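Undergrad: sequence first, then the predicted structure:
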Amino acid sequence: MADEPIAMLVALSRKRLDMIAEDPDVVFDLVEARDEPMRGVLNLGSEWRALADLAGDALTGEGGQPLDVEIDGVARIFSGPQVRELSQTIPGDQQLDRVRALYAEAAAEGHAMLVLLIS
């Protein structure tokens with residue numbers, strides 16, 4: 001889908017979570033619209049590689065529930081409690097400001113988080 005691997009984070013309100021549960025292919029719509037401004041969506045492009053060592057699981061999706069979707073890469077969902085926990089582990093590095101802010105907002109609202117690493 002992408003020329004080089006990219007990463008996206010998508011805060012999942014109950015509505016978004018239900019949409020994905022009903023039709024996991026909604027993920028493809030999110031990926032195709034990745035350059036459009038959408039609340040709760042962070043397109044890190046290929047810069048995620050430089051940030052992954054700092055942010056760990058919050059960017060790699062390790063520990064998240066795999067999403068049953070045919071995608072060339074990783075699609076995992078962190079539950080609301082996992083998002084709260086992860087939001088506390090993202091270091092205060094300036095490079096991670098957008099990641100930390102998205103996780104903090106999602107944690108405050110009790111949202112889940114979709115982590116997409118797409119080749």
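TA: Yes, it's here.

Undergrad: how far away from the center of its chain is stretch 35-48?
TA: For stretch 35-48, the gap between its own C-alpha mean and the chain's C-alpha mean amounts to 9 Å (Cα atoms, centre = their mean, to the nearest Å).

Undergrad: cool, stretch 90-104 as well?
TA: 13 Å.

Undergrad: give the buried residues for that stretch.
TA: Within stretch 90-104, the residues that qualify as buried are 90, 96, 99-100, 102-103, counting by 16 or more other Cβ atoms under 10 Å. From N, CA and C alone the C-beta is placed, and that goes for glycine too.

Undergrad: stretch 51-61 too?
TA: The neighbour-count check on stretch 51-61 (16+ other Cβ under 10 Å) flags 51-52, 55, 57-61 as buried.

Undergrad: report the mean confidence score over that stretch.
TA: In this model, stretch 51-61 carries a mean pLDDT of 93.

Undergrad: how about residues contacting it?
TA: By Cβ atoms under 8 Å, 6 or more residues apart in numbering, the surrounding residues in contact with stretch 51-61 are 7, 9, 44, 48, 62-64, 74-76, 78, 86, 89-91, 93, 95-96, 99, 103, 115, 117.

Undergrad: in strands, which of the residues you listed appear?
TA: Residues of the contacts of stretch 51-61 located in strands (DSSP state E): 7, 9, 44, 74-76, 78, 115, 117.

Undergrad: which one of these sits closest to residue 25?
TA: Of all the ones in strands among the contacts of stretch 51-61, residue 25 sits closest to residue 75, with 11.0 Å by Cβ to Cβ.

Undergrad: wait, that closest one sits on residue 67?
TA: Yes. Assessed by Cβ atoms under 8 Å, residue 75 is found in contact with residue 67 at 4.1 Å.

Undergrad: find the residues that touch each one of these two.
TA: Common neighbours of residue 75 and residue 67 (Cβ under 8 Å, 6+ apart) are 27, 114.

Undergrad: those two - which one has more neighbours?
TA: residue 75 (24 against 18; other Cβ atoms under 10 Å).
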